[in-house]
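# Sequence first, then the predicted structure:
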Amino acid sequence: MHPLLDETHELVRKSAAEFAEREIDPFVKNMENYEYPRDLLRDMGKLGLLAPMGPIDYGGPGLDFRSEILTVEEVAKHSPGVATILEIQGSLIVDTLATYGNNAIKEKYLSKAISGETIISYALSEPCCGSDAAALESVARRERGEWVLNGHKMWITSGMNADAYLVFARTGPKEERHKSITAFMVDRNKCVETSPIHVIGLRGTGTAEVKFVDCELGDDAVVGEVNKGFYVAINSLNLGRTCVGSIGLGIAERAMREAISYIKQRSAFGRSLADFQVLQHYVANMYAQTESVRSLVYSAAYMRDKSLPDFLLYAHSAKLLGSRLGVESTRVAIQMMGGMGLSTDNVLEMLYRDAKVTEIYEGANEIILNTIYRFMEK
Ligand SMILES: Cc1cc2nc3c(=O)[nH]c(=O)nc-3n(C[C@H](O)[C@H](O)[C@H](O)COP(=O)(O)OP(=O)(O)OC[C@H]3O[C@@H](n4cnc5c(N)ncnc54)[C@H](O)[C@@H]3O)c2cc1C
């Protein structure tokens, strides 16, 4: 057992691993054909796997962040797409609504988001701006005692399938950047228009362009305080970015295992591929890098659980190195398997494409490096 984990964590890991093997593996091909895993998410909700940190008062398991990280890691070994949906639902949505939501929001959304009855998208990025989110252009205006939201969001995971959206919109002058942004809960209804976006990987996650046209919202729809929405966004991303590190970790471990089993059963030049020292070194490197990222990701989650101040620095380092590890390990594993590694019948081909996305979403790695440097200066 890893020194930062206890027996409860191992039980969570086991339950996530068993679910992934039994339920997710048979659905992976459907997702590659762009089918969204709606029933799987409900089943995960029933088992407490969709939002492990969901508060007990709202029917959640009330577990810690390490439990969330382990669930994401185990699921990512089978489907980085499902892992992405669940880390958004668990960290970016459930934890955010539990922390910042008013009573009406908690009553309306929390139990259903934990059980998987309601899927909620996190809608921050726009066509104008992803990295520079403080420049966003969606606007919520005050009219006749209500908020009227108009906006255009881009790349939104589960956007095609969500029942509701956590939307960040401007509620003051654009020049005030992050100081004039507010977070709102918006139900999917006639004011919401969605269209699909297909990218290199994470197929079946319902990635969408989402437009909000004259959505009328009451004050109850505000998450946190008016004009403080950027802090809501950033705080949730601190958890999400650690989870992305965990997705990279899961991808890397699966890639290593696939490569090892392949080189053990294939031979060339009269010898097993596993007898070639160069391939042994590839495996040894993968192992050492995977275990160092594991320590980083688990340390980040431990720090969040214990409210230790270096959590932010570790969270961003985990995102950076976990995502790089996923890309590098799948690249090397494919190399070790030759043509077979490139076959679309082989899981590595999907993992390689999925891994690439982790270097870009939830903060492109250049932005993560900027943030790490800023934290180091402090
Ligand atoms: C599959 C997928 C799912 C996604 N899901 C969601 C979601 O659910 N919700 C959501 O809100 N968003 C989501 N995103 C959006 C994602 O977070 C953004 O794509 C990401 O933040 C990068 O923004 P951008 O695409 O606008 O790139 P840009 O901001 O245009 O950046 C382009 C390049 O310039 C670099 N760059 C920009 N500024 C700087 C700088 N100051 N210093 C150094 N380099 C810089 C970037 O690092 C990047 O390499 C998703 C994206 C993808 C691909």
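Nice, I can see it.
# so who does the residue in the chain that the ligand sits nearest to touch?
Nearest residue of the chain to the ligand, counting by CB to the nearest ligand atom: Gly130, 2.0 Å away. C-betas here are computed from N, CA, C, even on glycine. Applying CB atoms under 8 Å, 6 or more residues apart in numbering, we find Gly130 in contact with Met154, Trp155, Ala364.
# Please indicate which of those residues has the highest neighbour count?
Trp155 (20 neighbours; other CB atoms under 10 Å).
# Was I right to think that one contacts Thr207?
Yes - the pair Trp155 / Thr207 is scored as a contact, 6.1 Å apart, by CB atoms under 8 Å.
# joint contacts of those two?
Here Trp155 and Thr207 share the contacting residues Ile197, Val199, scored by CB under 8 Å, 6+ apart.
# The helix of greatest length in the chain - contacts with which helices or strands?
For the chain, the helix that runs over the most residues, judged by DSSP state H, is helix 229-265. With contacts taken as 3 or more CB pairs under 8 Å, 6 or more residues apart in numbering; DSSP states H and E, helix 229-265 sits against helix 65-76, helix 80-87, helix 96-100, strand 164-170, strand 181-187, helix 277-305, helix 311-337, helix 347-358.
# Check whether it comes near the ligand.
No - using CB under 6 Å from any ligand atom, helix 229-265 never reaches the ligand; the gap is at least 8.5 Å.
# Tell me which residues touch the closest residue in space to Asp64 that isn't next to it in sequence, please.
Computed as CB to CB, 6 or more residues apart in numbering, the closest residue to Asp64 that is not its neighbour in sequence is Asp305, at 4.6 Å. Asp305 sits next to Asp64, Phe65, Arg66 when contact means CB under 8 Å, 6+ apart.
# So which of those wins on neighbours?
Arg66 (26 neighbours).
# Count the neighbours of the nearest residue to that residue once chain neighbours are set aside for me.
Counting by CB to CB, 6+ apart, Arg66 lies nearest to Ala301, which is 4.4 Å off, once chain neighbours are set aside. Neighbourhood size, Ala301 [other CB under 10 Å]: 30.
# wait, what's in contact with Ala301?
Leu4, Asp64, Phe65, Arg66, Glu68, Ile69, Thr242 are the contacts of Ala301 under CB under 8 Å, 6+ apart.
# what two of those residues are the furthest from one another?
Leu4 and Glu68 (14.0 Å; CB to CB).
# who has more neighbours, the two?
Higher neighbour count among Leu4 and Glu68: Glu68, with 30 against 16, using other CB under 10 Å.
# Show the contacting residues for the more buried one.
Ala51, Pro52, Met53, Glu87, Gly90, Ser91, Leu239, Cys243, Ala301.
# Show me which residues of the chain sit near the ligand.
Within the chain, the positions adjacent to the ligand are 88, 121-125, 130-131, 155-157, 199, 202, 207, 357, 360-364, 366-367, 370 by CB under 6 Å from any ligand atom.
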